[in-house]
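Asks: Have a look at this prediction, sequence included:
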Amino acid sequence: MILCPDCRGELGSLDAEGCAACGWTGSRLNGVPVLLSSHDRKSELFSRYLANYDEIASDDLTSGIQEARMQQFFNERLLSYLGNIRGRHVCDIGIGKGILFEMLSRSGPASLVGVDISMPYLERFANNLDSTLVLANAENLPFRDAFDLVVAADVLEHVLNVGDFLMSVRESLVAHGSFVVRVPYLDNMLQYARLNGCRYDMMHLRNFARGNLEHLLRHTGFVVERLRYDGFNKWRARRYIARSELGMLMLEAFSERLLGGHDRLERLNPYVGRLLMEPLAVTAIARRA
């Protein structure tokens, strides 16, 4: 079901010109339906948030904010956690550069919806006839009982209101539908400080470990079925290794001999990797209770 962003009543379709119940009016930008609430359109904070992420998207598409090799690796891993999506109704929230979105599109879903807040990301896929694009606030998704699977990779750490985001995702899923969410694990928040050289007003707004991620999902009405940890590098060595020069030399030797270099450490088996290093990301595979 497609919902009105204002009153949350049934809208009919993504192409609806407006809501007969409350008077909300829809629009399109470069052919993409824009489903933002009247509150978001008027909000000074949301306008700043939108401009911030348009700037990030533009920079990311021009020069790449994250290393391409790592992005490919993380999205391949995430796809492997989703199981068979053929014939399922899927939503990818925060499509970004579209690496995972394209993987999902090739995996045979019954339908695929891509949601993002930044038009520079969305317009790259505007001519993709195998999927549907929507510009919407992830904290106010215009869907109810619409998807068998919702994927949100590297989104939860960015949203302004975590509760609204998770409740909105839950509402968009069918009963017992799956929610797969990836977040940075024990992120170094100092790297996003303006005083430390970060050029953006807003980047990662919060930090995650296993406990608080599970707590948030459980209290929103999700059952967490599995957690997966991915991505390792020597700079996140466990304390008992990092505090010893010999320990770091042994980690270097281990990575060189078994993996061909420390730049390949991210592909280490997670069970082995977590004994030696803190992972870069944690993924929760959950279902709507």
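Replies: Done, it's in. Residues are numbered from 1 along each chain as shown.
Asks: Spatially, what comes nearest to L82 if we skip its sequence neighbours?
Replies: Of all residues not flanking L82 in the chain, V180 sits nearest, at 6.1 Å (CB to CB, 6 or more residues apart in numbering). For the C-beta atoms, the positions are set from N, CA and C on the backbone; glycine is no exception.
Asks: quick one: contacts for the one you found?
Replies: Residues in contact with V180, defined by CB atoms under 8 Å, 6 or more residues apart in numbering, are 78, 81-82, 149-152, 283-286.
Asks: Return the members of those classed as buried.
Replies: Taking 16 or more other CB atoms under 10 Å as the criterion, what is buried in these is 78, 81-82, 149-152, 283-286.
Asks: List just the nearest of those to D230.
Replies: Closest approach between those and D230, by CB to CB: T283, at 6.9 Å.
Asks: Confirm that closest one sits in a helix?
Replies: No - assessed with DSSP: H, G, I helix; E, B strand; the rest coil, T283 is strand; it does not lie in a helix.
Asks: Tell me where the stretch 51-200 of the chain is predicted with low confidence.
Replies: In the predicted model, the stretch 51-200 of the chain carries pLDDT under 70 at residues 129.
Asks: can you give me the strands for it?
Replies: Counting by DSSP state E, counting those that start in this stretch, one finds strands in the stretch 51-200 of the chain at the ranges 89-93, 111-116, 132-136, 147-153, 173-184.
Asks: which stretch among the ones you listed comes nearest T25?
Replies: strand 132-136 (14.8 Å).
Asks: helices or strands up against that closest one?
Replies: strand 32-35, strand 111-116, helix 119-122 (3 or more CB pairs under 8 Å, 6 or more residues apart in numbering; DSSP states H and E).
Asks: so what strands line up beside it?
Replies: Applying DSSP bridges to the sheet, strand 132-136 is found paired with strand 32-35 (parallel), strand 111-116 (parallel).
Asks: Go ahead and name everything in contact with it.
Replies: Strand 132-136 has contacts (CB under 8 Å, 6+ apart) with 5, 14, 29, 32-36, 111-117, 119, 122, 125-126, 142.
Asks: Now the buried members of the residues you listed.
Replies: Buried members of those, counted by 16+ other CB under 10 Å: 5, 14, 32-36, 112-117, 119, 122, 125, 142.
Asks: what number of residues lie near the residue nearest to D59 when sequence neighbours are not counted?
Replies: Nearest residue to D59, sequence neighbours excluded (CB to CB, 6+ apart): I65, at 6.2 Å. I65 has 15 neighbours, counted by other CB atoms under 10 Å.
Asks: sorry, back to before: same list, the helices and strands packed on strand 132-136, but as JSON lines with distance to S47 please.
Replies: As requested, the helices and strands packed on strand 132-136 are exported to JSON lines (distance: least, CB to CB, whole Å):
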{"stretch": "strand 32-35", "distance to S47": "14"}
{"stretch": "strand 111-116", "distance to S47": "17"}
{"stretch": "helix 119-122", "distance to S47": "14"}
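Asks: Settle this for me: the residue nearest to D59 is touching A57, isn't it.
Replies: No - counting by CB atoms under 8 Å, I65 stays clear of A57, with 9.4 Å between them.
Asks: Give the residue farthest from the middle of this protein.
Replies: L246 (37.8 Å; CA atoms, centre = their mean).
Asks: Look up which helix or strand that one falls in, please.
Replies: Assessed by DSSP states H and E, L246 sits inside helix 245-259.
Asks: Buried ones in the next helix or strand after that helix, by neighbour count?
Replies: Using DSSP H and E, the next helix or strand after helix 245-259 towards the C-terminus is helix 270-276. Buried residues in helix 270-276, counted by 16+ other CB under 10 Å: 273, 276.
Asks: Report all helices and strands that the helix of greatest length in the chain contacts.
Replies: In the chain, ranked by residue count with DSSP state H as the criterion, the top helix is helix 44-63. Helices and strands touching helix 44-63, by 3+ CB pairs under 8 Å, 6+ apart, are helix 119-122.
Asks: Give me the contact list for the helix it packs on.
Replies: 29-30, 32, 54, 57-58, 61, 95-98, 114, 116, 133, 135.
Asks: Tell me the one of those nearest R257?
Replies: So of those, ranked by how close each gets to R257 (CB to CB), first place is K97, at 34.0 Å.
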